[in-house]
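**Student:** Need a 3D model of the sequence below.
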Amino acid sequence: MTEQHFSAHARTRTGRSHQGVGHVDEHHDERFTVVGNHLAQHSELSLTAIGLAVHIHSLRSGTLVGIKALAGKFPEGETRIASALRELETHGYLARTKERLPSGRIVTRTISYNKPRTRLAPRPPKPHDEPKRTPPPPPPSTPPVPTSPPQPEPPAPAPARDVLAALRTHDPRLHLGEQDVRRLAPAVATWLERGVAPDDVQRTLAAGMPKEGVRHPAAFLAHRLTALLPPPLPAARPGPPRPAPLQNCDDCDRAFRAPTPGRCRGCSVAHRALVAAAA
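**Tutor:** Have a look, this model is predicted:
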């Protein structure tokens, strides 16, 4: 951040004005920091934030710039410094991220920008992201183009109907007609929805057949599908609650877990005590 020019000659420029501020500008050969007017004359930043940004720009890389470290240098106090840091983050002059060290300790990494970060331009939509356009209708003078009648689509596979149709392979007495299969398929679908495998449904329906035979297989299976229907599976128990996300304390800059940003427990207690004393 510090530039040195050993070969430059000292120059002095005096600007006089009958109104407003005048300037006496002297050339710096060493220990100076270049700051853009976009920061020095920022209309939305407080003077505290502008001064803090200039100070951070002038520091060497690796210098601690936490709230407590800055409050130990300047008289503004931790609350005003924390607010100024948030201003610089909002306007793109500062970025603070949390990192976990190999020891498990969580630290805050600060990056200072001498020019505010700009938002990235939105990427152009991919061809498959573009909305499909409906072709315009043909003009009235164009005769309609004859189209061939649509071919019926093959029926979708129905596991419940397959279960019923294959029952005769377990016992020939459970032979069903097409109408009986369609009528009983919804009841079998209920079994499948409750987690019963198709093979298990067939074994349950065909087990313990009466020795004298079955005169009406469809009525016999309808009774069993209703009488032996298993209960629904119990709902899955919710897992343990997830811990709250890490937040950065507005006062002491320490990491703590909470659903929303704010103060840590210690700073909250101290703040309430301060408010109560002021009242």
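
**Student:** Retrieve the pLDDT associated with residue 43.
**Tutor:** Note for residue 43: predicted pLDDT of 90.

**Student:** Please, which helix or strand holds it?
**Tutor:** Residue 43 belongs to no helix or strand when elements are defined using DSSP states H and E.

**Student:** And stretch 71-81, end to end?
**Tutor:** 7 Å (C-alpha to C-alpha, to the nearest Å).

**Student:** Not counting its own residues, what contacts it?
**Tutor:** 48, 52, 67, 68, 70, 84, 250, 251, 252 (C-beta atoms under 8 Å, 6 or more residues apart in numbering). C-beta here means a position set from N, CA and C on the backbone, and glycine is covered the same way.

**Student:** May I see the buried residues of the helix or strand harbouring residue 273?
**Tutor:** Using DSSP H and E, residue 273 maps to helix 265-278. Residues of helix 265-278 classed as buried: residue 267 (neighbour count, 16 or more other C-beta atoms under 10 Å).

**Student:** burial of residue 27, as a residue count?
**Tutor:** For residue 27, the neighbour count with other C-beta atoms under 10 Å is 12.

**Student:** Ramachandran angles for it?
**Tutor:** With angles defined as degrees, to the nearest 10, residue 27 sits at phi -70, psi 140.

**Student:** Need the pLDDT of it.
**Tutor:** Listed pLDDT for residue 27 reads 83.

**Student:** I figured residue 261 hits residue 247, correct?
**Tutor:** Yes: at 5.0 Å, residue 261 counts as touching residue 247 under the criterion of C-beta atoms under 8 Å.

**Student:** The two - which one has more neighbours?
**Tutor:** The residue with more neighbours, out of residue 261 and residue 247, is residue 247; 18 against 11, by other C-beta under 10 Å.

**Student:** what about the more buried one, distance to residue 254?
**Tutor:** 10 Å (C-beta to C-beta, to the nearest Å).

**Student:** ok, which stretches of the chain are strands?
**Tutor:** Per DSSP state E, the chain carries strands over the ranges 12-15, 23-26, 94-100, 106-112, 246-248, 255-257.

**Student:** Now distance to residue 170 too, for these, in TSV please.
**Tutor:** TSV is the format used below for the strands of the chain (distance: least, C-beta to C-beta, whole Å):
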stretch	distance to residue 170
strand 12-15	104
strand 23-26	101
strand 94-100	60
strand 106-112	63
strand 246-248	60
strand 255-257	59
